[in-house]
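# Any chance you can model this:
(2 chains)
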Amino acid sequence: MNPIRKKRLIIVLFLVFGVATAVGIALVALQQNINLFFSPTQIAEGEAPVGQRIRAGGLVVVGSVLRDESSLKVNFDMTDGARNVTVEYVGILPDLFREGQGIVAQGAMRSDGVFVAVEVLAKHDENYMPPEVQDAIDKAGHPAKTNES
Amino acid sequence: MNWTWFHKLGSPKWFYEVTSKWMFWLALITVLLLVTGLVWGLAFAPADYQQGNSYRIIFVHVPVALLAQSCYIAMAIAGAVGLIWKMKLADMAAKVSAPIGASFTFLALLTGAIWGKPTWGTWWVWDARLTSMLLLLFLYFGYMALQAAFDNETTASKASSILALVGLVNIPIIKYSVEWWNTLHQPATLTFTSKPTMAPEMLVPLLISIVGFYCFFTLAFLMRLRAEVLIRENRTQWVKKLVQNDV
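Below you'll find the predicted structure:
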């Protein structure tokens, strides 16, 4: 390769890696703001502001969903495996909402530590299989849904 | 090192003649793969245990989202080759891939929104994956605008290639956004490092569909590039002769 091309190649590489480094450093600095939601552990440790509009995400604790008989009000616990947080929501839940399912809720923390949600979104996992396969896995006693970020 | 082969590859005339023989076969393979992959995936693959039939949009969403990123990488590399070796064909290749990539990005966002509504419960959410993908669309738009802003082709290519190279940083951000941050979008199903977390009877049509979409991209890219070659080389002897013979 002749020297001029070599020089231009070096400039191009410098440009790409320079920009990558700069953006990388900026993203590390903004880490917390890019996260879509707070985890139950972060909320339990008081990292989430009280009264402000935030998002919280986690798995719905199996057996914790309590539906009100006369209204659309629903209460359930959300976990990330380490800590739990109670969520209160009035409204229609997405089709994929169920116990053990990952969800992301938008709302605010009340001073008593209950998360009051105004919107509940269901997360789905990256596993795809026919229902019969899931039935077989359930029968064998290995839950397939283990991932949650 | 001998670079003659590389410079031969950059000859527009040589490129036009070689690809003439490929087009028919490439079109045939594309149609076969796309029809097989999509009909199999949309009509015959089993429903998902969790999402039922709404997961089927994956057979379009995943291929177009992959291509949106692959096309950007190809565009940036072609731009870099054009910058370093001053190769006309590389500049043309970068220029013609931008609208294709933008279309795929738009389709990825659109199919993602259609998928998001029944599964997540929302069309759009400002999580890292969706936002970085939207940024990719704007990068394509910016690239195309910059290309069009200069009358001189060399200056246009130089400026837009630099933009493409700067924007390249967004590609790993899109890819790893679901791992680095909390997002509503689920992590990747298909990875090079581990077994895909998808049942084989769904995975096979998906892979066929992905290869089919890649062939479709190559076909669209070659058609646009061939047209661009003829436009830019319209003063040369071989193009004049070709046009005369056609008429």
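
# now the helices: where do they sit in chain A?
Using DSSP state H, the helices of chain A run over A:3-34, A:40-44, A:131-140.

# Tell me the buried residues in the last one?
In other words, helix A:131-140. For helix A:131-140, the neighbour count (16 or more other C-beta atoms under 10 Å in any protein chain shown) marks A:133-134 as buried. Using the backbone N, CA and C atoms, a C-beta is placed for each residue, glycine as well.

# I'd like the mean pLDDT over that helix, please.
In this model, helix A:131-140 has a mean pLDDT of 75.

# And for the first one?
Mean per-residue pLDDT for helix A:3-34: 86.

# who are the neighbours of the one helix or strand B:Phe217 maps to, in terms of helices and strands?
Taking DSSP states H and E as the definition, B:Phe217 sits inside helix B:200-232. Counting contacts by 3 or more C-beta pairs under 8 Å, 6 or more residues apart in numbering or on different chains; DSSP states H and E, helix B:200-232 is packed against helix B:12-39, helix B:58-85, helix B:88-119, helix B:237-246.

# Can you tell me which of the helices of chain A is most buried?
Greatest average neighbour count among the helices of chain A goes to helix A:40-44 (a mean of 20), per mean count of other C-beta atoms under 10 Å in any protein chain shown.

# Need the CA coordinates for that helix. PDB is fine.
Taking C-alpha atoms only, helix A:40-44 is exported to PDB below (Å, rounded to 0.1, in the frame of the first residue of the first chain):
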ATOM      1  CA  PRO A  40     -37.000  -3.900  42.700                       C
ATOM      2  CA  THR A  41     -33.600  -4.000  44.400                       C
ATOM      3  CA  GLN A  42     -32.900  -0.400  43.300                       C
ATOM      4  CA  ILE A  43     -36.300   0.700  44.600                       C
ATOM      5  CA  ALA A  44     -35.900  -1.200  47.900                       C
END
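
# what's that helix in contact with?
For helix A:40-44, contacts defined as C-beta atoms under 8 Å, 6 or more residues apart in numbering or on different chains pick out A:48, A:56, A:58, A:78-80, A:82-85, A:109, A:115.

# partner residues bridging the most centrally placed residue in chain A?
Centroid-nearest residue in chain A: A:Gly57, 4.2 Å away (criterion: C-alpha atoms, centre = their mean). Legend: beta-bridge partners of A:Gly57 under DSSP bridges are A:Val104.

# Verify the contact between it and B:Asn182 for me.
Yes: with contact defined as C-beta atoms under 8 Å, A:Gly57 counts as touching B:Asn182 (5.9 Å).

# which neighbours do those two share?
Counting by C-beta under 8 Å, 6+ apart, the residues touching both A:Gly57 and B:Asn182 are A:36-37, A:39.

# By mean pLDDT, flag the weakest helix or strand of chain B.
Least confident element among the helices and strands of chain B, by mean pLDDT, DSSP states H and E: helix B:4-9 (a mean of 74).

# Counting neighbours, which bits of that one end up buried?
Neighbour-count burial for helix B:4-9, counted by 16+ other C-beta under 10 Å, picks out no residue.

# distance between that helix and the chain's centre?
The chain centroid and the centroid of helix B:4-9 are separated by 25 Å under C-alpha atoms, centre = their mean, to the nearest Å.

# what residues does it touch?
B:14-15, B:85, B:87, B:89.

# cool, and stretch A:105-121?
Here stretch A:105-121 makes contact (C-beta under 8 Å, 6+ apart) with A:37, A:43, A:48-57, A:78, A:85-89, A:91, A:93-94, A:97, A:103-104, B:120-122, B:125, B:184.
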